[in-house]
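*Asks:* return a 3D structure for these sequence lines:
(one chain, ligands or ions: 1)
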Amino acid sequence: MLKKKKLVLSKAKLYEKIGQDQVKCIACAHYCRIVEGRTGVCGVRMNYQGDLYLMVYGKASAVNIDPIEKKPLFHFLPGTEIFSFGTVGCNFACDFCQNWDLSQSAKEVQKKAKDKDERMLRLGKLVDYGQELPPHEIVKYCLKNKIPSIAYTYNEPVIFFEYLYDTAKLAHSEGVKNIFVSNGYESEEAMNKIHPYLDAMNVDLKSFNEEFYNKTCKAHLEPVLKTIKRAHDMGIWIEVTTLVIPGENDSDEELESIAKFIADVSTSVPWHVTAFTPNYKMDQKPSTPPESLQKAYKIGKSAGLKYVYTGNVFDNECQNTYCPNCNHMNIGRDWHSVTKNEIGQGKCSKCGADIEGVWQ
Ligand code: SF4
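*Replies:* Prediction:
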């Protein structure tokens, strides 16, 4: 028997009414059409009596203070801490998700519910496991502890848009920066609305193959490519991450396509090629061998990318930042720690060439 729990419903900012009690959510590229009493694909945006509500406003299900290198962001305030939080729910359903207990639970708990009331009760109970964390508390914590930025992370941030929007706006008014760690499925409407308050993004480009996105993530490739281009055109600092999964996306051809796409956006966009470890529905797959990451690193450099980094492996050499002109090491890293930083005003300390990023 489910215990009655009260859900705090917060009216959404990103939706349209489309006829008799139906709504269209415009937060992400799924553009879900949702009938009364149901949630969209993400499991946390519900049509309640003909309007769309976010059901996780102010309810953080994961909260940490992380080094910014862990996001990963290597060209954005290196060596600083970042307040990181996320909620339950996600608009993707990746077979290799590392946070599947958070990302998939909002959908899972609703599956066996008989009706709207039971769906809300089940979701309410799940959301109540999270921590009460309103936007002003997050910003207050950052100011008190001199934490310069906030990451909306762990699950896809755009699904809790109203919660992050209020936080990001308040954070900016107090001089705190905002970062999305994202699957790149933001709608154009969401990007336009958050743009004034968004400083940086790390976007996963999980593959260059529509079939992979379709089968393995239950999504599509094209919207992700559009978000990367759009964010770059908007002047938001962007870094791209590809989790290299053995036998899934590690062919030369696929890695070359990803590297070429990034280089066409800009050769200054850092590309992180990171190691997969067995997880969730891919728990029988082997981990990524270091040679695959070395191969991806070389492919990225051959495509003209100035900054390529390996991740989730001990490989200090490919995690440092070298000057694209004279190859001098300007930032040294050891796992998520910065061991040396000579960048200063965004110039190589030896030859004075530009090293792109947000350094101060
Ligand atoms: S955020 Fe995306 S997945 Fe969730 S309801 Fe809106 S359109 Fe659907």
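
*Asks:* which residues are in contact with the nearest residue to Leu126 once chain neighbours are set aside?
*Replies:* Counting by CB to CB, 6 or more residues apart in numbering, Val109 is the residue found nearest to Leu126 once chain neighbours are left out, at 5.1 Å. For glycine as for every other residue, the C-beta is placed from the backbone atoms N, C-alpha and C. Shown in contact with Val109 (CB atoms under 8 Å, 6 or more residues apart in numbering): 122-123, 125-126.

*Asks:* go ahead and build a ChimeraX selection from the buried members of these.
*Replies:* The ChimeraX command for the buried members of these (criterion: 16 or more other CB atoms under 10 Å) is given here:
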select :122,123,126
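
*Asks:* what's the domain layout of this structure?
*Replies:* As recorded under automatic domain parsing, the domains making up the chain are 10-54, 59-341.

*Asks:* number of nearby residues for whichever residue of the stretch 151-300 of the chain sits closest to the ligand?
*Replies:* For the stretch 151-300 of the chain and the ligand, the shortest gap (CB to the nearest ligand atom) falls at Ile159, measuring 4.4 Å. Using other CB atoms under 10 Å, Ile159 has 32 neighbouring residues.

*Asks:* buried stuff in stretch 206-219?
*Replies:* Burial within stretch 206-219, assessed by neighbour count using 16+ other CB under 10 Å, is assigned to 206-209, 212-213, 216-217, 219.

*Asks:* repeat that for stretch 126-142.
*Replies:* 126-127, 130, 133-135, 138-139, 142.

*Asks:* residues in contact with it?
*Replies:* If you take CB under 8 Å, 6+ apart as the criterion, stretch 126-142 is touched by 5, 7, 55-56, 58-61, 63, 83, 85, 87-88, 105-106, 109, 147-150, 163, 166-167, 170-171, 174, 176.

*Asks:* endpoints of it, how far apart?
*Replies:* End-to-end distance for stretch 126-142: 27 Å, by CA to CA, to the nearest Å.

*Asks:* and the average pLDDT for it is what?
*Replies:* For stretch 126-142, mean pLDDT is 92.

*Asks:* for Asn330, identify the helix or strand it belongs to.
*Replies:* Element membership for Asn330 (DSSP states H and E) is strand 329-334.

*Asks:* need the next SSE after that strand, C-terminal direction.
*Replies:* Next in sequence after strand 329-334, counting helices and strands by DSSP H and E, comes strand 337-341.

*Asks:* pLDDT score assigned to the residue in the chain that the ligand sits nearest to?
*Replies:* Nearest residue of the chain to the ligand: Gly40, at 2.1 Å (CB to the nearest ligand atom). The score at Gly40 is 96. That number is its pLDDT.

*Asks:* for it, which non-adjacent residue is closest in space?
*Replies:* In space, Gly40 comes closest to Cys32 once its chain neighbours are excluded; the distance is 3.4 Å by CB to CB, 6+ apart.

*Asks:* dump the residue contacts of the one you found.
*Replies:* Counted by CB under 8 Å, 6+ apart, Cys32 has contacts 24-25, 40-41, 45.

*Asks:* ok, 6 Å please
*Replies:* 25, 40-41 (CB atoms under 6 Å, 6 or more residues apart in numbering).

*Asks:* kindly report the same for Gln110.
*Replies:* Residues in contact with Gln110 (CB under 6 Å, 6+ apart) are 119, 122.

*Asks:* how close does it sit to Leu126?
*Replies:* 9 Å (CB to CB, to the nearest Å).

*Asks:* likewise Cys142?
*Replies:* Distance from Cys142 to Leu126, by CB to CB: 27 Å.

*Asks:* residue ranges with poor pLDDT in the stretch 51-200 of the chain?
*Replies:* Across the stretch 51-200 of the chain, nothing is flagged by pLDDT under 70.

*Asks:* all helices of it, in order?
*Replies:* Along the stretch 51-200 of the chain, the stretches classed as helices by DSSP state H, counting those that start in this stretch are 100-103, 105-111, 116-128, 135-144, 161-173, 188-194.

*Asks:* so is the shortest one next to the ligand?
*Replies:* Which is helix 100-103. No: applying CB under 6 Å from any ligand atom, one finds helix 100-103 out of contact with the ligand, separated by at least 11.8 Å.

*Asks:* and that helix, which residues are buried?
*Replies:* When burial is assessed from 16+ other CB under 10 Å, helix 100-103 yields the following buried residues: 100, 102-103.
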